[in-house]
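Q: Next one to model:
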Amino acid sequence: MKYGRLMAAGLAMGLAVAALPAGAADKLKLGTEGAFPPFNYIDASGNLAGFDIDIGVELCKRMEVECELVAQDWDGIIPGLLAKKYDFIIASMFITDERKKQVSFTDPYYAAAMTHVAPKGAGITDFSAEGMAGKVIGAQSGTTQAAFIEKVYPDADIRLYGTQDEANLDMANGRLDLMVGDVIPSVDWVSKTDDGACCEIVGEPITDREFVGDGTGIAVRKEDNALRENLNKALAEILADGTYKKINDKYFTINVYTMKAE
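A: As a prediction, this is how the structure comes out:
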């Protein structure tokens, strides 16, 4: 489901879009993973694409800045921001208390939830710690999904992967009894890909605030409050004028801002 990890490493693509108000930066770098379709991925032309990218580019337009896209592996995405490799992160990042210790977040730009994925016909119905004891459970490392399975399933055999693609591959090859991932990419994988046909969504959505936080936000450095406010203003504008919905409908059949069917 994830594409071009090697192509994504270090990828940067400039997109001309204009300039912030007088005295502000006239160019911003947007950091993303590039390996989490349909939110962010590398397309057939080798360019960053996806819902996160379209939203980020539109926000840059509204702020009247030139926007440069930079791909970064997930494990280093917050360190990259703090090291000033880019100015903000838009990469489907849940707003959690732990992450707030390092960065500041905008208002949520879409709702957050996780889900379980199991082989078709596995018959898994008990998602308690006891029910998962001894089972092989996977997630992408460095994510809230990884934190969830490590805490909630202490007696399971936990497998963590560098990318969601790698977790999906082991799931498809029968090496995992269960996988935890974000709702939308997981639904897309099981319903739209050949590999994902092995599996199905099981159980109720996981919405525990400890793990999914307060929605999905854009991360900035703590000292960049003016940028955070400009991003919030631009987000409010695209929500109000229908631009957000047009981008949403390009990728999804539900409104991801609310995670509800319209």
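Q: what secondary structure does residue 176 sit in?
A: The three-state label given to residue 176 by DSSP: H, G, I helix; E, B strand; the rest coil is coil.
Q: which residues touch it?
A: Applying C-beta atoms under 8 Å, 6 or more residues apart in numbering, we find residue 176 in contact with 136-138, 159, 167, 170. For glycine as for every other residue, the C-beta is placed from the backbone atoms N, C-alpha and C.
Q: Return the subset of the residues you listed lying in helices.
A: Those of these mapping onto helices are 167, 170, per DSSP state H.
Q: Which among the contacts of residue 176 count as buried?
A: Burial by neighbour count, 16 or more other C-beta atoms under 10 Å: within the contacts of residue 176 this picks out 136-138, 159, 167.
Q: Tell me the one of those nearest residue 124?
A: Nearest to residue 124 among the buried ones among the contacts of residue 176: residue 137, at 10.5 Å, using C-beta to C-beta.
Q: Hmm, that closest one is touching residue 161, no?
A: No - the criterion here is C-beta atoms under 8 Å, and residue 137 misses it with residue 161 at 11.6 Å.
Q: what sits opposite residue 71 in the beta ladder?
A: Counting by DSSP bridges, residue 71 is bridged to residue 32.
Q: Kindly apply the preceding question to residue 88 instead.
A: Residues in beta-bridge contact with residue 88 (DSSP bridges): residue 30, residue 220.
Q: Out of the buried ones among the contacts of residue 176, flag the one nearest to residue 49.
A: For the buried ones among the contacts of residue 176, the minimum distance to residue 49 (C-beta to C-beta) is 21.4 Å, reached by residue 167.
Q: before we move on, the earlier item: for the buried ones among the contacts of residue 176, give me TSV that also has distance to residue 124.
A: Listed next are the buried ones among the contacts of residue 176 as TSV, based on distance: C-beta to C-beta, whole Å:
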residue	distance to residue 124
136	12
137	10
138	14
159	16
167	17
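Q: Serialize those to JSON lines and add fields for pLDDT and distance to residue 95.
A: As requested, the buried ones among the contacts of residue 176 are exported to JSON lines (pLDDT from 0 to 100; distance: C-beta to C-beta, whole Å):
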{"residue": "136", "pLDDT": "98", "distance to residue 95": "30"}
{"residue": "137", "pLDDT": "98", "distance to residue 95": "24"}
{"residue": "138", "pLDDT": "98", "distance to residue 95": "24"}
{"residue": "159", "pLDDT": "98", "distance to residue 95": "26"}
{"residue": "167", "pLDDT": "97", "distance to residue 95": "23"}
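Q: Return the member of the residues you listed nearest to residue 147.
A: Closest approach to residue 147 among those (C-beta to C-beta): residue 137, at 12.7 Å.
Q: What confidence value was assigned to residue 259?
A: With respect to pLDDT, residue 259 has a value of 81.
Q: Chain neighbours aside, what residue packs nearest to it?
A: Spatial nearest neighbour of residue 259, chain neighbours left out: residue 111 (4.2 Å); criterion: C-beta to C-beta, 6 or more residues apart in numbering.
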